[in-house]
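Enquirer: I'd like to go over a predicted model; first the sequence, then the structure.
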Amino acid sequence: MEGKYAQRILLVLLDGGEQKKTTLMRNVSKSSSMQVRMDVLEESGLISVRSDNFDHNTKWVGLTDKGRKVAILLKQVSDIMQE
């Protein structure tokens, strides 16, 4: 997972659950590289992106099972580092 935002995206989704893509991007960073990181995470099978049932312009982003496992491990490492 390269890029400084990839880990943050996973941890935000772990803590907050599925989020609107615009909300997630606002919570993590307004950097133009965010979309690239999200694409890499999706291609890696760590996050899923789906269209809203009522508004197809709205996208929802959530962790896959694999992404949840990785995010939990990242959180554990972060907790150990802060001890």
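Expert: Received the coordinates, thanks.
Enquirer: Now do stretch 75-83: everything it contacts.
Expert: Under the criterion CB atoms under 8 Å, 6 or more residues apart in numbering, residues 11, 14 lie in contact with stretch 75-83. Where you see a C-beta, it was placed from the backbone N, CA and C, and this is true even at glycine.
Enquirer: How far away from the center of its chain is it?
Expert: The chain centroid and the centroid of stretch 75-83 are separated by 19 Å, computed with CA atoms, centre = their mean, to the nearest Å.
Enquirer: Distance from the biggest helix by length in the chain to the middle of the chain?
Expert: For the chain, the longest helix by residue count, based on DSSP state H, is helix 65-81. Centroid separation for helix 65-81 versus its chain: 12 Å, with CA atoms, centre = their mean.
Enquirer: swap in stretch 37-52?
Expert: Here stretch 37-52 is found 8 Å from its chain centre; the criterion is CA atoms, centre = their mean.
Enquirer: Could you do stretch 46-61 as well?
Expert: On CA atoms, centre = their mean, the centre of stretch 46-61 falls 13 Å from the chain's centre.
Enquirer: Mind listing what's buried along stretch 12-30?
Expert: 12-14, 19, 21, 24-25, 28 (16 or more other CB atoms under 10 Å).
Enquirer: what would those residues look like in a markdown table with pLDDT?
Expert: Converted to a markdown table, the buried residues of stretch 12-30 look like this (pLDDT from 0 to 100):
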| residue | pLDDT |
| --- | --- |
| 12 | 95 |
| 13 | 97 |
| 14 | 97 |
| 19 | 96 |
| 21 | 94 |
| 24 | 94 |
| 25 | 90 |
| 28 | 89 |
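Enquirer: Perfect, I'm done here.
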